[in-house]
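> Below is the sequence, then the predicted model.
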Amino acid sequence: MMIIMRTTATRNQIDEVVKIVQANGLRAHLSTGEERTIIGAIGDGRPVQKEQFFHLPGVDRVVPISRPYKLASREFSPANSIFNLDGIQIGGENIVIIAGPCSVECRSQLMEVAEAVREAGAQALRGGAYKPRTSPYSFQGLGETALEILAEARQATGLPIVTEVMAIEQIPLLIRYADVLQIGARNMQNYSLLHAVGESQHPVLLKRGMSATVEELLMAAEYILSHGNRRVILCERGIRTFETATRNTTDINAIPVLKSMTHLPVLLDPSHSTGYWEYVTAIARAGVAAGADGLLVEVHPDPAAAYSDGGQSLKPERFAELVRQIRGVAQAVGRSVAPVVKVNNNGQTHGSR
Ligand code: PEP
Ligand code: MN
């Protein structure tokens, strides 16, 4: 349920309500708006006497959250969640573009692509160190070596790093290097991993499972949010359908649907959702036109030689063209692409973001 405080409620009154929520065995999650505070009181479904909250000082009203996903819902937090990632606003006015190779393959590959995507206008760098591959004989990622290379690219370009976490035991290492932990489609319902990234309090990019409904995606996000980790970014990456002309089917509907159901930022990954570089730019345009807060795009300096997902990776010059086109689409829907990340000689970011 939501305990909606009066606009005049004092800090002490809010604290008192939180204490009583907790004494009932419920977790209290505060949503502090411009005008008033809403306290989400979340339990495990066992009945609670709602009446005990009605008359507490500072309480305006108590209303149930009708959705099964509570903290992720727009009911709990009507305004868009905007959070700051190393100077970049995620979920705000600006479209954020995260780009880079599917896998980190070697230092020169990553440094080349990192420079290229920054110059083209990306705000963050992606690159897999631990790869979830269908075959155990396929390239599995360079592990910690990849993380060291990503750290070097971050230093050189100022771009924050997004990389996938596949197992709980990788978390302590990954949070030393990554600005955002990606949960891949195959792990969207790995509930122990969701609990663990929630506890880590590190920003999370949660990709939709390939056969997950929008509601299941939001329930997965709820696991992370329930640990008080508010920095969750959702990503539509295509779902499995009967269609075989593309790797997956981009569920473009999911973007406005998610934007109406949740306050969390929503990205589109047009690379995995199509599976062919030829379609990536068109679908990226569609995603931004449909209201996505950003894009996750695979870019490789030599796609034909890529260790993974070469067929859906853009060459740097094609990625630059994608960004140019996205600027136009963003403008048409009243938004803009976040400014280019500038670097000074010490590899430190400054200025424009
Ligand atoms: C990836 O981003 O490279 C990836 C493996 O994506 P997904 O989990 O969406 O398949
Ligand atoms: Mn990939």
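Yes, it's here. Ligands and ions are numbered 1, 2, ... in the order given.

> Please count neighbours and contacts with C-alpha atoms only from this point.
Will do.

> host element of Leu30?
Assessed by DSSP states H and E, Leu30 sits inside strand 27-32.

> Show me what that strand is packed against.
For strand 27-32, the packing partners by 3 or more Cα pairs under 8 Å, 6 or more residues apart in numbering; DSSP states H and E come out as helix 11-23, strand 37-42.

> Any chance of a markdown table for these, columns mean pLDDT, distance to Pro339 and mean neighbour count?
A markdown table is the format used below for these (pLDDT from 0 to 100; distance: least, Cα to Cα, whole Å; neighbours: other Cα atoms under 10 Å):
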| stretch | mean pLDDT | distance to Pro339 | mean neighbour count |
| --- | --- | --- | --- |
| helix 11-23 | 96 | 38 | 16 |
| strand 37-42 | 94 | 32 | 23 |
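
> Distance to Ser77 added to the ones you listed, as JSON lines?
Formatted as JSON lines, the helices and strands packed on strand 27-32 follow (distance: least, Cα to Cα, whole Å):
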{"stretch": "helix 11-23", "distance to Ser77": "17"}
{"stretch": "strand 37-42", "distance to Ser77": "8"}
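
> who wins for proximity to ligand 1 among those?
strand 37-42 (29.6 Å; Cα to the nearest ligand atom).

> What is the burial count for whatever residue of the stretch 1-150 of the chain ends up closest to ligand 1?
When scored by Cα to the nearest ligand atom, the stretch 1-150 of the chain has Cys102 as its residue closest to ligand 1, at 4.7 Å. For Cys102, the count of nearby residues is 26 (other Cα atoms under 10 Å).

> neighbours of the closest residue to Asn24 other than its chain neighbours, just the number please.
Distances taken as Cα to Cα, 6 or more residues apart in numbering place Val48 nearest to Asn24, at 7.5 Å, with adjacent residues excluded. Using other Cα under 10 Å, Val48 has 13 other residues around it.

> Now do Val48 against Glu105, distance only.
As judged by Cα to Cα, to the nearest Å, Val48 and Glu105 stand 53 Å apart.

> Distance to ligand 1 added to the helices and strands packed on strand 27-32, as CSV?
Output for these, formatted as CSV (distance: least, Cα to the nearest ligand atom, whole Å):
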stretch, distance to ligand 1
helix 11-23, 36
strand 37-42, 30
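
> wait, which of the ones you listed is closest to Arg74?
Arg74 lies closest to strand 37-42 among the helices and strands packed on strand 27-32, at 12.3 Å (Cα to Cα).

> That closest one: how far from the chain's middle?
23 Å (Cα atoms, centre = their mean, to the nearest Å).

> Run through who's touching it.
Residues outside strand 37-42 that contact it (Cα atoms under 8 Å, 6 or more residues apart in numbering) are 1-7, 18, 21, 26-32, 70-71, 76.

> ok, of the residues you listed, which come out buried?
When the contacts of strand 37-42 are checked for burial by 16 or more other Cα atoms under 10 Å, the buried set is 1-6, 18, 21, 26-31, 70-71, 76.

> Next up, the contacts around the residue of the stretch 1-150 of the chain closest to ligand 1.
Taking Cα under 8 Å, 6+ apart as the test, what Cys102 contacts is 126-128, 298-300, 308-309, 313.

> where does the stretch 151-300 of the chain have low pLDDT?
For the stretch 151-300 of the chain, applying pLDDT under 70 flags no range at all.

> Would you mind naming what in the stretch 251-353 of the chain lies close to ligand 1?
Contact residues (Cα under 6 Å from any ligand atom) of the stretch 251-353 of the chain with ligand 1: His272.

> the helices in the stretch 251-353 of the chain, which residues?
Along the stretch 251-353 of the chain, counting by DSSP state H, counting those that start in this stretch, helices occupy 254-261, 270-274, 277-289, 316-332.

> Can you list the neighbours in contact with the longest one?
Read it as helix 316-332. Helix 316-332 has contacts (Cα under 8 Å, 6+ apart) with 95, 113, 116-117, 120-122, 281, 284-285, 288-289, 299-301, 336-337.

> Now, those residues that are in strands?
95, 336-337 (DSSP state E).

> Adding pLDDT, write those residues out as JSON lines.
Below are the ones in strands among the contacts of helix 316-332 laid out as JSON lines (pLDDT from 0 to 100):
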{"residue": "Ile95", "pLDDT": "97"}
{"residue": "Ser336", "pLDDT": "96"}
{"residue": "Val337", "pLDDT": "94"}
